[in-house]
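# Starting from these lines, generate the structure:
(one chain, ligands or ions: 2)
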Amino acid sequence: MSELLINVEDVSFSYGENLNGSGHHKAVNSINLSIEKGDFLVVLGRNGSGKSTLARLMNTLLLPTDGTILIKGMNTKDGKYLWEIRRTCGMVFQNPDNQILGTSVEEDVAFGPENLGVPPDEIRKRVDESLKTVGILEYAKVSPGYLSGGQKQRVAIAGILAMRPECIILDEATAMLDPIGRRDVMKIVKQLNQEEKITVIHITHHMDEASKGDKVIVVDKGEVVLQGTPREVFSEVERIKELGLDTPQVTELFHELKKEGFEMPEDVLTLDEAEKFLLEMLKNQV
Ligand SMILES: Nc1ncnc2c1ncn2[C@@H]1O[C@H](COP(=O)(O)OP(=O)(O)OP(=O)(O)O)[C@@H](O)[C@H]1O
Ligand SMILES: [Mg+2]
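Numbering: from 1, shown residues only. Ligands and ions are numbered 1, 2, ... in the order given. Below is the predicted model:
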């Protein structure tokens with residue numbers, strides 16, 4: 001049974017005067033998008049394509065210039081739903097240092113539920129649970145300043161989890177992390193999606209992270225120009241390049257080998273898949 005969580009209906013947005021003063025170009029242009037409960041949607045697109053604008057529109061940080069966004073049927077333009085929408089769809093941003101406010105990790109995670117008027121006993125319970133889920137319960141009393149970037153992003157995710165969200169929007173939340181921090185955060189996000197059925201919208205420039213999603217959209221000049229499963233999207237190697245993006249390295253390698261005349265599949269996304277295919281191929285040659 002699928003259940004519609006976010007409905008973006010013909011939504012456009014312009015920031016008014018453009019940064020370079022060239023009038024009212026649309027940062028988001030007539031986007032239609034349906035996101036179902038439990039989806040893991042990856043959003044790709046070159047710098048300035050409108051990804052963050054789209055994310056902010058879904059979280060009521062911006063309101064559509066045209067069109068409608070419904071979060072569980074709640075119109076983002078209707079002020080009375082503001083907090084319910086932000087509680088339903090929590091957002092994690094790029095810079096871990098800008099989103100942590102508490103003097104201790106647990107205090108920071110408690111902010112959200114405190115603002116929602118959750119009773120103290122329940123807050124205590126939620127803070128512990130959330131910290132445990134993201135694997136940093138032992139840092140509960142520590143000052144966030146002592147944590148690594150990856151750990152800080154995990155605190156930010158715990159802060160959202162403590163508000164019992166149905167959806168988490170990550171706007172390049174892994175961009176400032178080292179490979180280990182990135183892997184940890186992706187692992188937690190994947191786990192939240194699979195085990196807790198939390199809907200995930202993940203904006204990233206890392207193509208290897210895109211293969212973790214079950215749907216991918218590519219945004220260009222404010223429009224959705226490509227969408228499908230990661231496999232479908234990345235098999236369009238030339239189109240992806242035109243859009244200023246890379247394909248995962250193994251997909252690219254297979255594509256180049258195919259151009260050289262080898263019988264290679266075009267939809268290989270991960271090293272594991274590539275290894276399996278190459279082993280078969282080599283075995284058949286001996
Ligand atoms: N506060 C703002 N005021 C005016 N124009 C803005 C503002 N923020 C973004 N824009 C413009 O809106 C367009 C979309 O920007 P947006 O930040 O949504 O892109 P993005 O896809 O998130 O890019 P990046 O990958 O660099 O984060 C760009 O042309 C950008 O210059
Ligand atoms: Mg952005």
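# in a helix, that's where residue 246 is, yeah?
No. Counting by DSSP: H, G, I helix; E, B strand; the rest coil, residue 246 is not part of a helix but coil.
# how about the helices of the stretch 151-286 of the chain, start to end?
Assigned by DSSP state H, counting those that start in this stretch, the stretch 151-286 of the chain shows helices spanning 179-195, 207-210, 230-234, 237-242, 249-259, 271-285.
# and the closest residue to residue 201 other than its chain neighbours, bridged to which residues?
Excluding its sequence neighbours, the residue lying closest to residue 201 (CB to CB, 6 or more residues apart in numbering) is residue 169, at 4.5 Å. All C-beta atoms are positioned from the backbone trio N, CA, C, and that covers glycine. For residue 169, the beta-bridge partners under DSSP bridges are residue 91, residue 201.
# count of neighbours near residue 169?
25 (other CB atoms under 10 Å).
# Extract the residue ranges of this structure that are flagged as low pLDDT.
1, 17-24 (pLDDT under 70).
# tell me which parts of it are close to ligand 1?
Selection of the chain residues close to ligand 1 by CB under 6 Å from any ligand atom yields 15, 18-19, 27, 45, 47-53.
# From the residues you listed, pick the one nearest residue 261.
Set against residue 261, the nearest of the residues of the chain next to ligand 1 by CB to CB is residue 45 (32.8 Å).
# ok, back up a step: my read: the residue nearest to residue 201 touches residue 86, true?
No. If you go by CB atoms under 8 Å, residue 169 and residue 86 don't touch, sitting 10.5 Å apart.
# Identify the contacts common to those two.
Here residue 169 and residue 86 have residue 59 as joint contacts, going by CB atoms under 8 Å, 6 or more residues apart in numbering.
# if we can go back for a sec, with respect to residue 264, which of the residues of the chain next to ligand 1 is nearest?
Nearest to residue 264 among the residues of the chain next to ligand 1, with distances taken as CB to CB, is residue 45, at 27.1 Å.
# Pull the contacting residues for the closest one.
Taking CB under 8 Å, 6+ apart as the test, what residue 45 contacts is 51, 218-220, 243-245.
# Could I have the buried ones of those residues as PyMOL selection syntax?
One line in PyMOL is enough to select the buried ones among the contacts of residue 45; burial here means 16 or more other CB atoms under 10 Å:
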select buried, resi 51+218+219+220+243+245
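# Mind putting the contacts of residue 45 into a markdown table with distance to residue 227?
Output for the contacts of residue 45, formatted as a markdown table (distance: CB to CB, whole Å):
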| residue | distance to residue 227 |
| --- | --- |
| 51 | 14 |
| 218 | 7 |
| 219 | 10 |
| 220 | 12 |
| 243 | 12 |
| 244 | 17 |
| 245 | 14 |
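# of all the contacts of residue 45, which comes closest to residue 140?
Closest to residue 140 out of the contacts of residue 45 is residue 51 (33.3 Å), distances taken as CB to CB.
# I'd like to know which of the helices of the stretch 151-286 of the chain is closest to residue 60.
That would be helix 179-195 among the helices of the stretch 151-286 of the chain, by CB to CB, at 21.8 Å.
# Pull out the buried residues from that closest one.
Within helix 179-195, the residues that count as buried by 16+ other CB under 10 Å are 181-182, 184-186, 188-190, 192-193.
# repeat for stretch 146-155
147, 149-155.
# quick one: which of these is nearest ligand 1?
Ligand 1 lies nearest to residue 153 out of those, by CB to the nearest ligand atom, at 16.6 Å.
# Would you mind measuring from that closest one to residue 184?
9 Å (CB to CB, to the nearest Å).
# cool, residue 11 as well?
33 Å.
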